[in-house]
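Engineer: the following comprises the amino acid sequence and a computationally predicted model.
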Amino acid sequence: MNKGLWVAHPGQETISFEYSDGRTHATKTFALQPNSYLVQYSIRSCRVKPGLPHLVQWRGGFGDMAVQSAAGQQATIYYDLEKNKLERKGASKAKNGPVNADGMFSFAGIDDQYFAAAFLPPPNTTLDTTTFQDTVASPVNNAEEPYPESPSVALRATNSESIWVRKRSPRSIW
């Protein structure tokens, strides 16, 4: 599905993307929440029987690419409820391979100096997250730099998440 053609179905405040190769069928939907920074995300996927396990992830290069050392400003983030602690992992944490973190997180996402995007799972939901390193050039810097890719978030308990995306401020959620 990563390299497949998805068909877009735009609506007034939603957009759905549908994929099928004859064996696997998936639909992902993004619904904008009016007067909010929230986007409701849902996915349905199946191969012969419903409930195909899947991951959702962002590619590296999220945020403001014009800041100095843009790659170094970006990190995957999650708030571990059991430890009552914000965890932030840059691309260097995944230089030798993927880094997994699974647990009861109030959110998991990616941020940089100015922007943030986070999955907001329903209460009592276990998230499986994986941070990868993605080495890419940017429109501002032709040299390839290591960016954190993701997190990849496995939707274990649910196939519906809210996604919070906005410019960061000192009063933002972290």
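Structural biologist: Now that the structure is in, tell me what you want to look at.
Engineer: how is this structure carved up into domains?
Structural biologist: Following automatic domain parsing, one finds the domains of the chain at 1-52, 55-174.
Engineer: which stretches in this protein count as strands?
Structural biologist: Counting by DSSP state E, the segments of the chain that form strands are 7-10, 14-20, 24-32, 38-47, 49-50, 55-56, 75-80, 85-89, 99-111, 115-120, 126-136, 145-155, 160-167.
Engineer: any regions of this protein where pLDDT drops low?
Structural biologist: Within the chain, the stretches with pLDDT under 70 are 48-55, 57-63, 147-174.
Engineer: quick one: the residue lying closest to residue 111 once chain neighbours are set aside and residue 112, what's the gap?
Structural biologist: Setting aside the residues directly before and after it, residue 111 is nearest to residue 77 in space (CB to CB, 6 or more residues apart in numbering), at 5.5 Å. Yep, even glycine has a C-beta here, placed from its N, CA and C like the rest. Distance of residue 77 to residue 112, given as CB to CB, to the nearest Å: 10 Å.
Engineer: next up, the contacts around residue 81.
Structural biologist: When contacts are counted by CB atoms under 8 Å, 6 or more residues apart in numbering, residue 81 is found next to 103, 104, 105, 106.
Engineer: do that again at 10 Å, thanks
Structural biologist: Contact partners of residue 81, counting by CB atoms under 10 Å, 6 or more residues apart in numbering, are 103, 104, 105, 106, 107, 123, 124.
Engineer: could you check how far residue 80 is from residue 124?
Structural biologist: According to CB to CB, residue 80 and residue 124 sit 14 Å apart.
Engineer: between these two, who's got more neighbours?
Structural biologist: Neighbour totals were compared for residue 80 and residue 124, and residue 80 leads with 15 against 8 (other CB atoms under 10 Å).
Engineer: my guess is the more buried one contacts residue 86, does it?
Structural biologist: Yes - with contacts defined as CB atoms under 10 Å, residue 80 counts as touching residue 86 at a distance of 7.9 Å.
Engineer: mind listing the shared neighbours of these two?
Structural biologist: With contacts defined as CB under 10 Å, 6+ apart, the residues shared by residue 80 and residue 86 are residue 106.
Engineer: leaving out chain neighbours, which residue sits closest to residue 67?
Structural biologist: In space, and not counting its chain neighbours, residue 67 is closest to residue 113: 5.5 Å by CB to CB, 6+ apart.
Engineer: wait, residue 16 touches residue 28, no?
Structural biologist: Yes - because the distance of 7.0 Å satisfies CB under 10 Å, residue 16 is recorded as touching residue 28.
Engineer: okay, and the common contacts of the two?
Structural biologist: Counting by CB under 10 Å, 6+ apart, the residues touching both residue 16 and residue 28 are 6, 42.
Engineer: verify the stated contact: residue 139 with residue 66.
Structural biologist: Yes - at 8.8 Å, residue 139 counts as touching residue 66 under the criterion of CB under 10 Å.
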